[in-house]
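Chemist: Give me a model of this one.
(2 chains)
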Amino acid sequence: MPGGYSDKVMEHFAHPRNVGVIEDPSGVGKVGNPICGDIMELFIKVENNIITDAKFRTFGCGAAIATSSMVTEMVKGKTIEEALQLSNKAVAEALDGLPPVKMHCSVLAEDALKSAIDDYLKKTTGKGLPGFKPHEEHD
Amino acid sequence: MKKIYMDYAATTPTHPEVIDAMKPYFSDKFGNPSSIHSFGREAKKAIDEARDNIAGFIGARSDEIIFTSGGTEADNFALEGIAYANEKKGNHIVSTPIEHHAVTNCLGFLKRRGFDITYVPVDGTGSVDPEDIRKAITDKTILVSVMHANNEIGTIEPIAEVGKICREKGVYFHTDAVQTFGHMPIDVRKLNIDLLSASAHKLYGPKGVGMIYIRKGIKIVPYLHGGEQEAGKRASTENVPGIVGFAKAVEIAKGEMGQLDAKLSGLRDKLMKGILSRIEDSRLNGHPTKRLSNNVNVSISYIEGESMLLRLDMEGIAGSTGSACSSGSLEPSHVLLAIGLGHEMAHSSLRLTLGGWTTEEEVDQVLEVLPKVVNKLREMSPLKR
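Modeler: The predicted model follows:
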């Protein structure tokens, strides 16, 4: 297995935050596919334009689980606009870095978040996130 | 926490008696076997004896054994050596899609240089049908390469039948026996094997040494060009301590093989059945009975292999997986795809391989811990309904 997971990655992998589903979510994002071995499902609860809760379910490697955990932690309390500023690099940095072959997991985490916000915007405004297209096709 | 090692197919610990046998050849008996003086002669005698013992172990002649740096070199030597020595006869090689990368990637290299490769498919258990091999052989075929047993799923291939067909057809037969050498009896004459690859560190020998058996009279191009070592077929000063250690490992295997095989197949079956009965939506990969006595390979639905390995490792248990996420490539194991597993199930594979130091308590401990690890990961999985 690719070595070099930081202690922070291992800590989030061992004790992932916010695992599960939100009943009646404001937005859901599901990205990735079984072919590449990663699927992330991200749920957000939005109240007054602020993300008050976030949960995830992930099929994937250690990095996929750790980035899912980290992204849910990072978005809680942020406004939609602030959450949209969250980049995959910021998620990776918050985990003290990822091995190069695992950077795609952080991209997936960013995609999952954007996809959830896209879903939320569609539901509330009828229009999705302008220009949003996930990196990988999903079912 | 006492650690549990269940990755013997990756490598084995070096047997203490092997280490003892090797030690003098680093210090007192350090001579170069090519030197004429007593230091050299002493080293030469050691590798000659090692060669005799290893040859005898598989029913070969001593001059048919060439020491290499390991299994990969032996595989590359066999394929490239036969291909380039027999180009005039033909450019076609027959193999299977489940060979080790030391074979498949070497065949890929030969393909890019104009050789024609046919991969005869395997069935859902990973077994090749010898009749399919027969049908694949043409008048351009120079070599058939079929592994003795698969390193991932443990399936034992019908190499006696394949060898017979190759001999009838006048085509060279190579087998990668890295997983079986020292674990199962092999007689190269009875099995009609022309070339065989083996590696010491899979049978409690040291890393960095292996061998290739090349039947006398086979047309093959030398692998390393230089001095006259290894009958001019593989130049470079011999790895004397490694070769001595390899022979010692073979000597131990000769005495303990049958007993170990019986012990391991019992533990393997307990582990295999235990996993399949305790974990729902799990399946066995590889042949149910014609499999290596130490190999368990399962796919556990809805969860990914690397996550499983990391969680098991946190509990002190060392295993392996065919998931892409563990290798850094995007594709999961070519072996699991070749036996018809979907990508999802290939990413969900777990291989546990047992060995000489495995105990029943360890098997029980794994059967205790694994379902918990699986449940924990399934709670996180979007695939589990």
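
Chemist: Give me the local confidence score for B:Arg378.
Modeler: Predicted confidence (pLDDT) at B:Arg378: the value is 96.

Chemist: And B:Ile165, by the same measure?
Modeler: pLDDT recorded at B:Ile165 is 98.

Chemist: Just the element for B:Ile212, please.
Modeler: strand B:210-214 (DSSP states H and E).

Chemist: Name the strands paired with that strand and say parallel or antiparallel.
Modeler: strand B:65-68 (antiparallel), strand B:195-199 (antiparallel) (DSSP bridges).

Chemist: For it, output the C-alpha coordinates as CSV.
Modeler: Extracted C-alpha coordinates of strand B:210-214, given in CSV (Å, rounded to 0.1, in the frame of the first residue of the first chain):
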residue,chain,number,x,y,z
GLY,B,210,16.3,-17.3,-6.9
MET,B,211,16.9,-19.7,-9.6
ILE,B,212,15.9,-20.8,-13.0
TYR,B,213,15.9,-24.4,-14.1
ILE,B,214,16.8,-24.7,-17.8
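
Chemist: counting contacts, what elements does whichever helix or strand comes after that strand pack onto?
Modeler: The helix or strand immediately downstream of strand B:210-214 is helix B:240-278, counting by DSSP H and E. Judged by 3 or more CB pairs under 8 Å, 6 or more residues apart in numbering or on different chains; DSSP states H and E, helix B:240-278 is in contact with helix B:16-22, helix B:38-57, strand B:65-68, strand B:282-284, strand B:295-300, helix B:360-380. Heads up, the C-betas are built off the backbone N, CA and C, glycines and all.

Chemist: quick one, helix B:240-278 and helix B:38-57 angle?
Modeler: When axes from the mean of the first three to the mean of the last three CA atoms, to 10 degrees is applied, the directions of helix B:240-278 and helix B:38-57 differ by 30 degrees.

Chemist: Backbone dihedrals for the nearest residue to A:Glu47 once chain neighbours are set aside, both of them.
Modeler: Leaving aside its sequence neighbours, A:Glu47 sits nearest to A:Ser26 (CB to CB, 6 or more residues apart in numbering or on different chains; 7.9 Å). Dihedral angles phi and psi of A:Ser26 (degrees, to the nearest 10) take the values phi -80, psi -30.

Chemist: Please identify the buried residues of stretch B:77-84?
Modeler: Within stretch B:77-84, the residues scored as buried using 16 or more other CB atoms under 10 Å in any protein chain shown are B:Phe77, B:Ala78, B:Leu79, B:Glu80, B:Gly81, B:Ile82, B:Ala83.

Chemist: what about it, distance to the chain center?
Modeler: In terms of CA atoms, centre = their mean, to the nearest Å, the centre of stretch B:77-84 is set 19 Å apart from its chain centre.

Chemist: doesn't A:Ile44 make contact with the residue nearest to A:Glu47?
Modeler: Yes. Using CB atoms under 8 Å, A:Ser26 makes contact with A:Ile44 at a distance of 5.7 Å.

Chemist: Just want to know which of those two has more residues nearby.
Modeler: Comparing A:Ser26 with A:Ile44 by other CB atoms under 10 Å in any protein chain shown, the one with more neighbours is A:Ile44, at 27 against 21.

Chemist: export the helix or strand where the more buried one lies as CSV, just CAs?
Modeler: According to DSSP H and E, A:Ile44 maps onto strand A:38-47. C-alpha atoms of strand A:38-47 as CSV (Å, rounded to 0.1, in the frame of the first residue of the first chain):
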residue,chain,number,x,y,z
ASP,A,38,-14.0,5.3,-4.6
ILE,A,39,-17.5,6.5,-4.0
MET,A,40,-18.4,9.4,-1.7
GLU,A,41,-21.8,10.5,-0.6
LEU,A,42,-22.0,13.8,1.2
PHE,A,43,-25.1,15.2,3.0
ILE,A,44,-25.5,18.8,4.0
LYS,A,45,-28.0,20.6,6.1
VAL,A,46,-28.3,24.3,5.3
GLU,A,47,-30.1,26.9,7.5
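
Chemist: what about the helix or strand just after it, near chain B?
Modeler: Going down the chain from strand A:38-47, the next helix or strand is strand A:50-59, by DSSP H and E. Yes. Strand A:50-59 reaches chain B (CB under 8 Å from any CB of the partner chain) through A:Phe56, A:Arg57, A:Thr58, A:Phe59.

Chemist: Isn't the first one up against A:Leu42?
Modeler: Right, A:Phe56. Yes. At 5.1 Å, A:Phe56 and A:Leu42 qualify as touching, with contact defined as CB under 8 Å.

Chemist: what sits in contact with each of the two?
Modeler: Residues touching both A:Phe56 and A:Leu42 (CB atoms under 8 Å, 6 or more residues apart in numbering or on different chains): A:Ser68, A:Val71, A:Thr72, A:Ala112.

Chemist: what does chain A have sitting close to chain B?
Modeler: Near chain B, when you scan chain A using CB under 8 Å from any CB, you find A:1-2, A:10, A:13-14, A:16, A:19-20, A:30, A:34-41, A:56-65, A:101.

Chemist: let's see 6 Å
Modeler: Within chain A, the positions adjacent to chain B are A:1-2, A:19, A:34-37, A:39, A:41, A:57-62, A:101 by CB under 6 Å from any CB of the partner chain.

Chemist: between the residues you listed, which is closest to B:Ala177?
Modeler: Nearest to B:Ala177 among the residues of chain A next to chain B is A:Met1, at 27.0 Å by CB to CB.

Chemist: how near is the residue nearest to B:Glu362 when sequence neighbours are not counted to chain A?
Modeler: Excluding its sequence neighbours, the residue lying closest to B:Glu362 (CB to CB, 6+ apart) is B:Ile4, at 4.7 Å. Here the criterion is CB to the nearest CB, to the nearest Å. By it, B:Ile4 lies 17 Å from chain A.

Chemist: For burial, what's the neighbour tally of the closest residue to A:Asp38 other than its chain neighbours?
Modeler: Among residues not flanking A:Asp38 along the chain, A:Gly60 sits closest, at 3.8 Å (CB to CB, 6+ apart). Counted with other CB under 10 Å, residues neighbouring A:Gly60 total 30.

Chemist: mind checking how far A:Gly60 is from B:Pro382?
Modeler: Noted for A:Gly60: a distance of 10 Å to B:Pro382, by CB to CB, to the nearest Å.
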